[in-house]
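>>> sequence unknown, structure follows:
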C-alpha cells in the first residue's frame with residue numbers, strides 16, 4: 001500500500017473544479033477500500049484509472065505548453081479532432097480510446113516500443129474488467145507486482161515530460177515575475193493559481209521547476225524578481241510542503 005501511494009506524487013496538487021478533485025479522491029478511496037478488503041482485481045481497476053488520469057494530465061500539459069505540437073499530434077484523430085482542440089479539461093481525453101490517446105506521448109519522445117509497453121497496461125485492464133471467468137489479481141503479491149510495473153511506467157513518462165514542464169516554467173517566470181503586472185501581487189498566490197492550478201502541476205512537476213537553472217535567465221531585465229518568485233516556489237513547495 002505504501003508503494004502504491006507514490007502515484008499521488010504524479011497527480012495534480014490542485015484541480016480546476018471540485019468535481020475533478022472529488023473524482024480523483026473517489027478513485028483513491030475505491031483502490032484503498034478494495035485493497036484493504038482483499039478485492040485486488042477491483043483495486044487494480046481503480047489504480048489503472050488513476051494512472052490513466054496521470055497520462056491525461058501529461059497530455060494536457062503538452063496541449064497547453066506546446067499547442068503547435070499538440071495540433072500536429074492530432075493527425076489520425078479526424079473524428080475527435082475538434083473535441084480535443086476545444087477541450088477545457090484533461091478528462092475530455094477519456095472520450096478517445098485509451099490505446100489511441102497514448103500516441104500523443106510521441107510528442108515527448110516516447111517511441112513506439114515504449115508506447116506499446118504502456119498499451120499493455122490498457123490490455124491488462126480490459127482483461128480484468130470483462131466477465132471472462134478469470135481473477136487475474138487474486139493475491140496482494142500479484143497486485144503489488146503490477147503496481148511496481150505501473151509506477152515504473154509513470155516515472156518513465158514523467159521523465160520524458162521534463163522538457164515540457166521546464167518550458168512551461170520558464171514562460172511562467174518570464175511572464176509573471178513583475179508584481180505590478182501580474183494577477184496576484186503575492187508570489188505564492190501567483191504560483192498557486194497561474195502555475196500549479198492552471199497547469200495541473202504535480203509534486204514531481206514542481207521538483208523539475210525547483211531544479212530549473214535560474215541562471216539561464218540572468219540576461220533578463222527582471223532577473224532579481226525572477227529569482228525571488230523562484231525562491232518563493234522552493235520555499236512553499238519543496239518536498240514535504242505544498243498546498
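All right, it came through fine. Given the structure is predicted, the values throughout are model-derived calculations rather than measurements. Residues are numbered from 1 along each chain as shown.

>>> Helix or strand, whichever it is, which one in the chain has the lowest mean pLDDT?
helix 112-129 (a mean of 79; mean pLDDT, DSSP states H and E).

>>> centre of the chain versus that one, how much separation?
With Cα atoms, centre = their mean, to the nearest Å as the basis, helix 112-129 stands 18 Å off its chain's centre.

>>> got a list of contacts for that helix?
Helix 112-129 is contacted from outside by 41, 44-45, 48, 51-52, 55, 98-99, 102-103, 105-106, 110, 134, 136-137, 146, 149-150, 153, 156-157, using Cβ atoms under 8 Å, 6 or more residues apart in numbering. Any C-beta I mention is one placed from the backbone N, CA and C, and that applies to glycine too.

>>> Would you mind checking those residues for buried ones?
Among these, those classed as buried by 16 or more other Cβ atoms under 10 Å are 41, 44-45, 48, 51-52, 55, 98-99, 102-103, 105-106, 110, 137, 146, 150, 153, 157.

>>> so where's this structure uncertain?
Applying pLDDT under 70 to the chain picks out residues 1, 126-136, 239-243.

>>> in it, which spans are helices?
Chain-ordered helices for the chain, with DSSP state H as the definition, fall at 18-36, 40-65, 67-72, 81-85, 98-101, 112-129, 140-160, 162-176, 187-190, 198-199, 203-210, 223-237.

>>> Now render the ones you listed as CSV, adding distance to residue 2.
Listed next are the helices of the chain as CSV, based on distance: least, Cβ to Cβ, whole Å:
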stretch, distance to residue 2
helix 18-36, 11
helix 40-65, 14
helix 67-72, 36
helix 81-85, 36
helix 98-101, 27
helix 112-129, 21
helix 140-160, 10
helix 162-176, 26
helix 187-190, 30
helix 198-199, 28
helix 203-210, 16
helix 223-237, 22
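
>>> Any idea which of these gets closest to residue 6?
helix 140-160 (5.8 Å; Cβ to Cβ).

>>> For that closest one, buried residues please.
For helix 140-160, by 16+ other Cβ under 10 Å, it's 143, 144, 146, 147, 150, 151, 153, 154, 157, 158, 160.

>>> could those residues go into CSV alongside distance to residue 227?
Output for the buried residues of helix 140-160, formatted as CSV (distance: Cβ to Cβ, whole Å):
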residue, distance to residue 227
143, 46
144, 44
146, 44
147, 40
150, 38
151, 34
153, 36
154, 32
157, 31
158, 26
160, 28
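
>>> Which member of those residues is positioned nearest residue 13?
The closest of the buried residues of helix 140-160, once distances to residue 13 are taken by Cβ to Cβ, is residue 158, at 14.5 Å.

>>> quick one: the closest one and residue 152, what's the gap?
11 Å (Cβ to Cβ, to the nearest Å).

>>> Residue 216 too?
From residue 216 to residue 152 the distance is 31 Å (Cβ to Cβ).

>>> now residue 6, nearest residue through space, not along the chain?
residue 151 (5.8 Å; Cβ to Cβ, 6 or more residues apart in numbering).
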